[in-house]
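# Sequence and predicted model, in that order:
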Amino acid sequence: MTKIHSVPSISTADQTLVLSSLEHDQLVGAKKHHIPRRHFKTPELIVLWALRLYLIFMMAVVGYQVWMAR
């Protein structure tokens, strides 16, 4: 029979206490961790590219409006 050990959760107050007791370089080391690059699926990529194109289009519209207002 296998025992499953549950990991006790750390309260926010305890985490704040530990982080406030660290020195600056220890705090930087504790907070610094690698976040891997996310690989998007095709629908997500389509939405992101559509937003980029919309942004470029709207920048052109605003630029045109500013140019015409002079």
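It's in.
# What are the boundaries of the helices in the protein?
Secondary structure of the chain (DSSP state H): helices located at 12-21, 24-31, 42-69.
# just for this protein, where's the confidence low?
Low-confidence segments of the chain (pLDDT under 70): 1-8, 30-31.
# mind running it again at 90?
1-37, 70 (pLDDT under 90).
# hmm, back to that, would you list the helices of the chain in TSV and tack on mean neighbour count?
The way it works is simple: take the backbone N, C-alpha and C, and place the C-beta from them, glycine included. What follows is the helices of the chain, written out as TSV (neighbours: other Cβ atoms under 10 Å):
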stretch	mean neighbour count
helix 12-21	10
helix 24-31	10
helix 42-69	10
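# Could you check how far M68 is from M59?
For M68, the distance to M59 (Cβ to Cβ, to the nearest Å) stands at 15 Å.
# What about L22, how many residues nearby?
If you count neighbours by other Cβ atoms under 10 Å, L22 ends up with 13.
# Next, it: phi, psi?
Main-chain torsions, L22, degrees, to the nearest 10: phi -80, psi 150.
# most centrally placed residue in this protein?
Nearest to the mean C-alpha position of the chain, by Cα atoms, centre = their mean, lies I35 at 9.4 Å.
# What separation do you get for D14 and L55?
Taken as Cβ to Cβ, the span from D14 to L55 is 43 Å.
# Repeat that for A13.
A13 sits 42 Å away from L55, taking Cβ to Cβ as the criterion.
# What of L27?
Distance of L27 to L55, computed by Cβ to Cβ: 36 Å.
# Then V28?
Taking Cβ to Cβ, one finds V28 at 34 Å from L55.
# One more: L19?
The value you get for L19 to L55, if Cβ to Cβ is used, is 37 Å.
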